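Chemist: this one's structure only:
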């Protein structure tokens, strides 16, 4: 089995793609490509059994409705709701709120943060995949699943789930890689270990590929039936529900 992880950025410069092969209780990182362009990403996803993308796969339904109402000149602010509470309802997706409740981490808002630029690129990638006959199910039911590396690392017990992305701080990143090596002795980094110690983009791509494996084995969160309509349009973050040791 091959899983792919994509640490997506708005441009190729900060984008990384990792591919992990799984067999007989072992896993090997086949390669990690940094500065990955659209062609590299689409080809990797097309060849994977499951691919995890670290990027919102859609916008909040309420935000989309708000923008449409604003364009038509029909915005109505709910009575008795404070401005902050109203804005939070517009800017956070259902899955963002669920992740916050379950992990204490709040994903960046695709409607009110710079990650919106990344989501625009992601939408273009999905159009390319659809053109090749591989439509994306934003709720995670198909090949592609949305992931959040910080949440995966926290659930797996890593105390370095945050703080390893400070510019120039390769020491913190190296400690995270050390923890990953210790927690997953079945994972062979191949020739990618030194790259992962230098680039948090590469490391996040590896974590995304590991999370994709969890999702492929039904060891990650999925939307309940009442959450599925929102998940199909907004996206759904797959957070691992089992220890890292259960992935091989």
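Modeler: Good, I have the coordinates. Computed from a predicted structure; not experimentally measured.

Chemist: Only C-alpha atoms from now on, for both contacts and neighbour counts.
Modeler: Fine.

Chemist: how deep is residue 18 tucked in, by neighbour count?
Modeler: The burial count assigned to residue 18 is 30, neighbours taken as other Cα atoms under 10 Å.

Chemist: Which helix or which strand is home to residue 180?
Modeler: Residue 180 is part of helix 170-183 when elements are defined by DSSP states H and E.

Chemist: Buried by neighbour count: which residues of that helix qualify?
Modeler: If you call a residue buried by 16 or more other Cα atoms under 10 Å, then helix 170-183 has these buried ones: 170, 172, 173, 174, 176, 177, 180, 183.

Chemist: same question, stretch 19-37
Modeler: Neighbour-count burial for stretch 19-37, with 16+ other Cα under 10 Å as criterion, is recorded at 19-22, 27-37.

Chemist: closest to residue 198 among these?
Modeler: residue 34 (11.3 Å; Cα to Cα).

Chemist: Quick check: bridge partners of the closest residue to the closest one other than its chain neighbours?
Modeler: In this structure, residue 34 finds its nearest non-sequential neighbour in residue 16, 4.3 Å apart by Cα to Cα, 6 or more residues apart in numbering. Residue 16 has these beta-bridge partners by DSSP bridges: residue 7, residue 34.

Chemist: For residue 16, which residues are in contact?
Modeler: By Cα atoms under 8 Å, 6 or more residues apart in numbering, the residues touching residue 16 are 6, 7, 8, 32, 33, 34, 35, 36, 201, 202, 205.

Chemist: Specify which member of those is nearest to residue 105.
Modeler: residue 7 (18.1 Å).

Chemist: Going by neighbour count, which residues in the helix or strand bottoming out on mean pLDDT in the chain are buried?
Modeler: Least confident helix or strand of the chain, by mean pLDDT, DSSP states H and E, is helix 83-91 with a mean of 83. Across helix 83-91, burial judged by 16+ other Cα under 10 Å covers 90, 91.

Chemist: which SS state does residue 80 fall under?
Modeler: Reduced to three states with DSSP: H, G, I helix; E, B strand; the rest coil, the structure at residue 80 is coil.

Chemist: and the two most separated of the contacts of residue 16?
Modeler: Taking Cα to Cα, no two of these sit farther apart than 8 and 32, at 13.1 Å.

Chemist: Quick one: the helices in this structure, in order.
Modeler: Per DSSP state H, the chain carries helices over the ranges 38-46, 61-72, 83-91, 94-103, 115-131, 149-155, 170-183, 193-198, 200-216, 228-234.

Chemist: ok, now which ones touch residue 222?
Modeler: Per Cα under 8 Å, 6+ apart, neighbours of residue 222: 139, 140, 236, 238.

Chemist: at 7 Å instead, please
Modeler: By Cα atoms under 7 Å, 6 or more residues apart in numbering, the residues touching residue 222 are residue 238.

Chemist: what's the distance between it and residue 214?
Modeler: 11 Å (Cα to Cα, to the nearest Å).

Chemist: now residue 224
Modeler: In terms of Cα to Cα, residue 224 sits 18 Å off from residue 214.

Chemist: mind giving me the domain split of this protein?
Modeler: 2-58+95-246, 59-92 (automatic domain parsing).

Chemist: Identify, out of the ones you listed, the most deeply packed stretch.
Modeler: For these, the largest average neighbour count (mean count of other Cα atoms under 10 Å) is found in domain 2-58+95-246, namely a mean of 19.

Chemist: Quick one: low-confidence residue ranges for the protein.
Modeler: Applying pLDDT under 70 to the chain flags no residue at all.
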